[in-house]
Structures are given as C-alpha cells and as structure tokens.
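In: just to be clear, the model below is a prediction. Sequence and coordinates:
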Amino acid sequence: MSILVTGGAGYIGSHTLVRLLEQGESVVVLDSYDNSSPEALRRVMQLTGRQLEAIEGDACDEALLRRVMHEYAVESVIHFAGHKAVGESVQKPLKYYKNNLESTISLMRAMREEGVKRLIFSSSATVYHCEEPSPHTEDQRLGCINPYGWTKFMNEQIIRDCCQADGELSCVLLRYFNPVGAHPSGLIGEDPNGIPNNLMPYICQTAVGLRDHLTIFGDDYKTHDGTGVRDYLHVCDLAEGHVCALGYARAHKGCEAINLGTGTGYSVLDVVHAFEKANGIKINYVIGPRRPGDLDENYADPSKAERLLGWKAQKTLEDMCRDGWNWQKKNPKGYRGE
Ligand code: NAD
Ligand code: UFG
C-alpha cells in the first residue's frame with residue numbers, strides 16, 4: 001500500500017516526503033513540475049536513502065489518477081498540488097479556479113472509484129474572514145478576498161460535502177499559517193520563480209545579493225512596531241503535522257479542519273532582526289506603502305492540532321531564519337543551479 005502525494009516536488013511537499021519516507025511509508029508522487037523541479041525529489045531520496053515513485057502528470061487528469069491509485073495500491077492521498085500566488089490569482093482567476101478546483105474534484109472522483117478513503121488537504125489561514133480576530137479558531141466565520149483564497153474555501157466545502165455523502169471517508173483540511181525555513185541539511189528548500197512574493201524568501205535573496213533591499217510593506221499597522229504580524233511556522237514542523245494528520249485520518253472517519261501554526265505572531269521587523277541575529281548578516285530595508293489586502297495581524301490558535309493530532313510546533317524563529325539562510329546560501333539559484 002502506498003500514499004499518493006500530489007504536488008510532492010513543491011516546497012511543502014518535498015519536506016513532507018522526507019518525514020513520510022523516514023517513517024517507512026511507501027510514496028508515489030504526482031507532479032506536473034509546473035512550479036517545481038524533479039531535482040527536489042532526487043534530493044529527498046539522497047537525504048533519506050530511500051526510494052520513491054515519481055510520475056510527471058496533471059492532478060486534474062482523473063484517468064491518470066485512477067491508474068496511479070490502482071497500480072500503486074494507494075490507501076491515502078496528500079493533496080498539495082495547486083497554484084498559490086495570490087497576486088496572480090487576481091490577474092488570472094480562471095487559471096486558479098480551473099487548476100485548484102478541477103484537481104480536487106478529479107481526485108475525489110478517482111478516490112471514490114478506486115475505494116481510497118483518506119485525504120489530507122492543503123488549505124490556508126487565508127480562508128478566515130478578514131473581520132475575524134486572531135488568534136483564529138477553526139470555528140470562526142470564513143470568507144476570502146482573492147480568487148486563490150476562494151479556491152481553498154471552495155475546496156474545503158467540496159471535501160466536506162463528499163464526507164457528508166460517504167461516511168467511510170476521512171479527510172483533514174490543514175489550514176497552514178506562514179510556512180518558512182528549510183530542511184536543516186540545506187538540500188531542499190523553497191525555490192520561488194522570479195521575484196518572491198513572500199517575506200522570508202525575499203529576505204534570503206536580499207542577504208545573498210540577488211535583491212538590493214527588502215521593502216517593508218507599511219509601518220502604520222496596529223501592531224507593537226507598526227509592521228504586519230504573522231504566524232511563521234518552520235516547514236519541518238509543518239511536514240510533521242502531515243504525518244500526524246495521516247495518523248489521525250487512519251483512526252477516525254469524517255472531516256476536520258485544523259490550524260497548523262505556532263500560535264505566536266512576529267512582525268516583519270521582528271523577522272528581519274531575528275534573521276540578522278541568527279546569521280550575522282545585515283538586511284538592507286526601506287519602509288514602503290502598504291500592500292493591498294494585507295491584515296494587521298494573522299496568527300493561529302493551534303490548540304485543536306495539539307488536542308486531535310498530538311502536534312505542536314517545536315522550532316523557533318531563530319531555527320527558521322538559520323535554516324532558510326543555510327538553504328539559500330548553499331543554493332543561491334535554487335534547484336536551477338543544477
Ligand atoms: P509549491 O508551488 O511549491 O508546490 C505545489 C506543487 O504542485 C508544485 O510542485 C507544482 O508543480 C504542483 N502542481 C501544481 N498544479 C499541479 C497539477 N495540476 N498537477 C500536478 N502538480 C501540480 O507550493 P507549496 O508552498 O509547497 O504549497 C503546497 C500547497 O499548500 C498548495 O496547495 C498551497 O496552496 C498550499 N499552501 C501553501 C502556503 C505557503 O505559504 N507556501 C500557505 C498555505 C497553503
Ligand atoms: N512583507 C513585506 N515585504 C515583502 C513581503 C512581505 O513587508 O517583500 C510583509 C507583508 O506585508 C506581511 C508579512 O511580510 O505583513 C508576510 O507576508 P507574506 O507575503 O510572506 O505572507 P502573507 O501572510 O501575506 O501570505 C501568506 C501566504 C498566502 C496566504 C496568506 C494568508 O503566502 O498564500 O498567508 O494566510 F494566502
């Protein structure tokens with residue numbers, strides 16, 4: 001029996017593969033390499049000394065999904081595949097609705113036909129309504145402000161409805177807060193295409209000299225130093241959360257939405273200073289205008305994850321900064337250096 005990991009060559013997928021292989025699981029990856037490289041999978045195998053099966057293909061292709069589920073005796077699915085750039089989703093909404101919804105619908109249909117009963121889905125903290133206060137609890141009102149967010153919202157609903165219709169299904173909707181950092185080996189990490197949208201890769205690229213300076217988007221938020229506050233989570237803690245969610249899904253039926261965050265918010269300036277301290281590097285920055293759509297603060301109440309999954313984030317902001325930088329300096333051009 002094996003676990004199907006869609007989007008497994010991506011940032012979070014590759015780190016999760018390491019933990020799955022370390023646990024002795026058999027894994028088959030389906031990835032289009034639309035936003036990743038097969039080199040990440042080669043490095044996962046190097047890191048763990050274990051083999052995995054890799055198939056290049058589209059998670060929207062139901063016939064392919066059925067074939068893979070059948071051939072590899074798939075018992076559970078972890079569904080990372082999807083587009084994730086918030087800004088692009090505003091420019092190209094149909095690209096996002098098509099890929100992110102069609103892949104989930106194809107997957108649920110293939111699972112039904114092949115009798116696969118467990119699914120772990122990559123949702124996001126972005127599903128919480130912007131008027132709901134932090135710390136976010138899973139029962140808060142949902143609502144989104146961009147097409148990317150709506151795809152997560154709709155996918156959650158689709159999966160919930162499938163669980164209503166089939167009492168044998170076990171699905172966990174993991175609402176990630178802000179994943180950052182990299183595996184401490186420096187072999188795998190985040191490899192954004194072009195100019196990074198997110199804070200930590202931007203800081204790392206500034207530190208390595210690819211960018212001249214970081215622009216901090218606003219210093220007049222209602223936070224302790226005026227810059228935006230987020231719940232940064234080490235990607236290895238996040239990977240462990242998937243192993244725990246899989247264990248939970250194996251033991252329980254039904255559908256649960258669960259936050260994965262640390263519960264602690266740090267500001268942009270906190271992160272810049274932590275990065276400087278952890279790595280002994282000065283980060284050039286300027287204060288710029290606010291980025292449209294950004295909130296003052298966004299952090300999790302992670303108590304449900306602890307209660308249901310027995311999961312709690314272990315790593316510190318210093319670990320995130322050190323490991324993110326270790327990956328960046330060893331791979332200044334990401335996987336493309338290969
Ligand atoms: P990523 O882009 O690094 O990984 C996604 C992977 O899916 C890539 O390897 C890409 O090639 C693949 N893919 C995309 N569409 C596909 C398709 N139709 N068929 C097959 N493969 C396809 O992104 P990530 O940061 O690892 O995120 C993984 C998941 O977690 C995504 O669903 C994302 O929306 C969600 N998420 C990410 C964050 C974050 O900050 N990174 C936060 C919340 C949720
Ligand atoms: N920031 C800067 N400068 C930058 C990049 C970011 O100041 O160059 C600031 C942002 O304004 C924000 C903080 O750094 O205050 C974090 O920004 P990120 O873009 O790293 O993360 P977000 O919280 O904005 O977005 C993340 C995910 C999205 C998800 C969203 C909501 O990247 O996919 O959380 O959960 F939709």
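Out: Happy to help now that I have it. Ligands and ions are numbered 1, 2, ... in the order given.
In: contacting residues for the residue in the chain that ligand 2 sits nearest to?
Out: As assessed by C-beta to the nearest ligand atom, ligand 2 sits closest to residue 228 within the chain, at 2.4 Å. No exception for glycine: its C-beta is placed from N, CA and C like everyone else's. Applying C-beta atoms under 8 Å, 6 or more residues apart in numbering to residue 228 gives the contacts 217-218, 221, 267-268, 294-297.
In: and which of those is nearest residue 287?
Out: Nearest to residue 287, judged by C-beta to C-beta, of the contacts of residue 228 is residue 218 at 7.5 Å.
In: is it true that that closest one touches residue 292?
Out: No - look at residue 218 against residue 292 with C-beta atoms under 8 Å: they stay out of range, at 10.5 Å.
In: more neighbours, these two?
Out: residue 218 (18 against 10; other C-beta atoms under 10 Å).
In: tell me the contacts of the closest residue to the more buried one other than its chain neighbours?
Out: Nearest residue to residue 218, sequence neighbours excluded (C-beta to C-beta, 6 or more residues apart in numbering): residue 290, at 3.6 Å. Counting by C-beta under 8 Å, 6+ apart, residue 290 touches 217-218, 220-221.
In: how many neighbouring residues does the closest residue to residue 93 other than its chain neighbours have?
Out: Leaving aside its sequence neighbours, residue 93 sits nearest to residue 147 (C-beta to C-beta, 6+ apart; 4.0 Å). If you count neighbours by other C-beta under 10 Å, residue 147 ends up with 20.
In: my read: residue 230 touches residue 179, true?
Out: No - assessed by C-beta under 8 Å, residue 230 is found out of contact with residue 179, at 10.8 Å.
In: neighbour count winner among the two?
Out: Neighbours per residue, other C-beta under 10 Å: of residue 230 and residue 179, the larger number sits with residue 230, 25 against 22.
In: give the bridge partners for that one, please.
Out: residue 266, residue 298 (DSSP bridges).
In: so how far is residue 264 from it?
Out: 10 Å (C-beta to C-beta, to the nearest Å).
In: need the overlap of contacts for these two.
Out: What both residue 230 and residue 264 touch, as defined by C-beta under 8 Å, 6+ apart, is the set residue 299.
In: and the pLDDT at residue 290?
Out: pLDDT recorded at residue 290 is 96.
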